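[1] Compute the structure for the input listed below.
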Amino acid sequence: MNPKRWPNLITATRMALTPAVLMVAVAGSKPWFVSLITATLLTDALDGYLARRLNARSDLGRKLDSAADYLTLTIGLAGIALLWPDIMRREMPWIVAALASFFAVIVVGFGRLGRAPCYHTWISKFGVVGCALSLIPLLSGGTAGPFHALTVLQVIGGVEELLIVLLVPWHTGEMPTLWHAWRLRRTGRPALPVGGAARR
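    Below is the predicted model of the structure:
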């Protein structure tokens, strides 16, 4: 197999794992749920790394990755609600805040761009890893502090992506930060090594 296909294959594997994640949650298996949801989050970091390493960027890969992220988020929240209902109720204001910022970007993106923006900002990439780590103390009965910090970061990242949409509505592909978007708007030249190309 062509190595350039590996990132998309890993992303597809992440999507294929989500039914299993939901099944073990319905079955009431907390260890299996934590193991599988952690595996899905790790593949999110791995496919991006391989895409950059193998120079396997494409618009298809970027969209596939975003779709996998949406699916993982939905299944993950459903699983937590089934297995840890008390934690879900207690943390509901924080979860609603994170979801509002997440979906606001999609709604505004479709309204202004006719599509969901898939910028893969640095904040969003860090948030994936941070989310996985913050679930460890949260679901084990420890402190919710890391989860709250990641929620605040998610909201900040959502605001950043909304501002990017407003600054450069013609842009498609990665946009690491708001500064990169501002530079593109001001100079017409992206501050990216691959000219603002898609993630994979």
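[2] hey, let's count contacts and neighbours off CA atoms from now on
    Will do.
[3] Does the residue most central in space within the chain lie in a helix or a strand, and which?
    Centroid-nearest residue in the chain: D69, 4.8 Å away (criterion: Cα atoms, centre = their mean). Per DSSP states H and E, D69 falls inside helix 59-83.
[4] And that helix, how far out from the chain middle?
    Distance of helix 59-83 from its chain centroid, counting by Cα atoms, centre = their mean, to the nearest Å, is 8 Å.
[5] next structured bit after it?
    helix 85-90.
[6] And that next one, what does it pack against?
    helix 59-83 (3 or more Cα pairs under 8 Å, 6 or more residues apart in numbering; DSSP states H and E).
[7] So for the helix it packs on, mean pLDDT?
    Per-residue pLDDT values over helix 59-83 give a mean of 86.
[8] before we move on, what about stretch 93-106?
    Stretch 93-106 comes out at a mean pLDDT of 93.
[9] got the contact list for it?
    Here stretch 93-106 makes contact (Cα atoms under 8 Å, 6 or more residues apart in numbering) with 115-117, 148, 151-152, 154-155, 158-159, 161-162.
[10] ok, now with 10 Å
    70, 73-74, 77, 88-89, 92, 109-118, 147-165 (Cα atoms under 10 Å, 6 or more residues apart in numbering).
[11] So for stretch 36-45, what gets flagged as buried?
    Within stretch 36-45, the residues scored as buried using 16 or more other Cα atoms under 10 Å are 36-38, 40-41, 43-44.
[12] Over to stretch 77-84?
    Buried, per 16+ other Cα under 10 Å, within stretch 77-84: 78-80, 82-83.
[13] same thing with stretch 3-13?
    4-8, 10-12.
[14] what do you get for stretch 157-176?
    157-165, 167-169, 171-176.
[15] Great, nothing more from me.
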